[in-house]
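Undergrad: predicted model and sequence follow; I will ask about them next.
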Amino acid sequence: MEQKLLYKMFSGEATDKELTQIRQWVNDSEENKEMFYKERALYDALLFNDFRLDSRVRKRSAFLWKWVGSVAAAIVTLFLLQNISIFVKNEPLSDIAFNTIKVPAGQRVEVTLSDGTHLWLNARSEFSYPVSFNGDRREVHLKGEAFFDVARDENKKFIVNTGRCEVEVLGTEFNVEAYDENDFSTALLRGSVRVSDKLQSDESVVLEPNNAVRLDNGKLTVTPITDFSPYSWKDGVITFKDIKFDVLMKKLEKNYGIRIVIDNPGLDNYACSGKFRISDGIEEVLRALQQDAHFIFERENREEIRIQ
C-alpha cells in the first residue's frame, strides 16, 4: 500500500472507493495491519511536528480509524500500563527513612513530596527523598533530570544533592540535569538558588531567574536562557531548535536508554528543529526525522541503533 494513499485517508481526503481499498488491504494480513499502525503513528508524529502536513483532519477517515483503532487502543493501553511502572523502594539512610524512585527509559513521573513540593522526573532518573522532612533541612538526592516547583519554607532550606554539586533553595522553579557526576546543569525559571561544587569549596554561584549554570571543565559557568523549549520534557514532549544531529542523538540516548551509532558523514553539519511526544518512541522520532534528513537506521539489538 502506498504511503501517499494512507496519508490521504489519515487527513480525511480519501474517497469511499479508496477507503474500501485500504480496509481490504488491512484485513488481508497481520503484516499489513502492523504496517498500517506504524504509518499512522508516523503520521501523528509528523502532524504534531508540522512536517509538511496539513493540520486539517476531517470526518471521512473517522469510521475506518475507529474500526482499526478499537483493537489498537487495547494494545496501546496495555503497552502503556506495562511500561509506565516505576520502581519505588523504601530504605533507611542513616536514621531517616527514604523512598527511592527509579524511572524507566522513555517515561516520566510526577511526584508530590510531604512538604507540598511538586516535581517531575525525566527518563532514567533516580530520586531519593525522606518520608517526612524533619529538622531545618529538606534534602533530596538526584541522579538524572528533574524539574522542581519547591514549596516555600523560609525555616527549612530545600537542597538537591546530585553527587558532585548541590542546589540550595527556599522556594522556586528550576530544572536540574545530572545524569553523570561531571555533567551537571541547573536552569532557574523563578526565585533564587545557590549552586555549589562540593569538590571545590570556593566554587559557588547564586542564580537569578532565566539563567542557567553548567559545570564546564570543573568550573560553574552561568549563561542566560534564550530557549526554554528543552524543559518541555516535563509535559511529555521532546523539543529542539537548530540543534546538531549528533547532539540530538545524545539527548535521545538519555531519554530512551539506548546507544546510537552514527555512520553517516552527511549528518555532521545537519541541524534540525522539531518536537515529538516522548511516548512516540525513538523509532518513530527517527522515522519522522527521515522526512527531512537523508539517512537509514537499523536496530542492532535492544541496546543499540545504527544510523547510516
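TA: Okay, I see it. Numbering: from 1, shown residues only.

Undergrad: each with direction, which strands does the helix or strand harbouring residue 274 pair with?
TA: Assigned by DSSP states H and E, residue 274 belongs to strand 271-277. Looking at strand 271-277 with DSSP bridges, its partner strands are strand 237-244 (antiparallel).

Undergrad: any idea which helix or strand comes after the partner strand?
TA: Next along from strand 237-244, by DSSP H and E: helix 245-256.

Undergrad: now for that following helix, which elements pack on it?
TA: Helix 245-256 sits against strand 237-244, strand 259-262, strand 271-277, helix 282-289, with contacts defined as 3 or more Cβ pairs under 8 Å, 6 or more residues apart in numbering; DSSP states H and E. Glycine gets a C-beta too; all of them are placed from N, C-alpha and C.

Undergrad: deepest-packed of the ones you listed, please.
TA: Sort those by mean neighbour count, taking mean count of other Cβ atoms under 10 Å, and helix 282-289 sits at the top with a mean of 20.

Undergrad: CA-only coordinates of that one, as CSV, when you get a sec.
TA: Extracted C-alpha coordinates of helix 282-289, given in CSV (Å, rounded to 0.1, in the frame of the first residue of the first chain):
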residue,chain,number,x,y,z
ILE,A,282,12.7,6.5,19.5
GLU,A,283,12.0,4.7,16.2
GLU,A,284,9.0,6.9,15.4
VAL,A,285,11.2,10.0,16.1
LEU,A,286,13.9,8.8,13.7
ARG,A,287,11.3,7.9,11.0
ALA,A,288,9.9,11.4,11.3
LEU,A,289,13.4,12.9,11.0
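
Undergrad: how far off helix 282-289 does whatever helix or strand comes next after that helix point, in degrees?
TA: Going down the chain from helix 282-289, the next helix or strand is strand 297-301, by DSSP H and E. Here strand 297-301 runs at 170 degrees with respect to helix 282-289, directions being taken by axes from the mean of the first three to the mean of the last three Cα atoms, to 10 degrees.

Undergrad: chain center to strand 297-301, what's the gap?
TA: Offset of strand 297-301 from its chain centre (Cα atoms, centre = their mean, to the nearest Å): 21 Å.

Undergrad: ok, whatever helix or strand comes next after that strand: who's next to it in the sheet?
TA: Counting by DSSP H and E, the next helix or strand C-terminal to strand 297-301 is strand 304-307. Sheet pairing of strand 304-307 (DSSP bridges) gives strand 259-262 (parallel), strand 297-301 (antiparallel).

Undergrad: buried stuff in the last one?
TA: The neighbour-count check on strand 297-301 (16 or more other Cβ atoms under 10 Å) flags residue 297 as buried.

Undergrad: hmm, back to that, reformat the strands paired with strand 304-307 as TSV; add mean pLDDT.
TA: Listed next are the strands paired with strand 304-307 as TSV, based on pLDDT from 0 to 100:
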stretch	mean pLDDT
strand 259-262	92
strand 297-301	85
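
Undergrad: nearest to residue 132, out of the helices and strands packed on helix 245-256?
TA: Nearest to residue 132, of all those, is strand 237-244, at 33.3 Å by Cβ to Cβ.

Undergrad: just for the protein, where's the confidence low?
TA: Residue ranges of the chain with pLDDT under 70: 10-12, 40-96.

Undergrad: mind listing what's buried in the strand ranked longest in the chain?
TA: For the chain, the longest strand by residue count, based on DSSP state E, is strand 137-149. Within strand 137-149, the residues scored as buried using 16+ other Cβ under 10 Å are 138, 139, 140, 141, 142, 143, 144, 145, 146, 147, 148, 149.

Undergrad: equivalent analysis for stretch 21-32, please.
TA: The neighbour-count check on stretch 21-32 (16+ other Cβ under 10 Å) flags 22, 23, 25, 26 as buried.

Undergrad: how much space is there between the last one and residue 36?
TA: I take that to be residue 26. Using Cβ to Cβ, to the nearest Å, residue 26 is found at 5 Å from residue 36.
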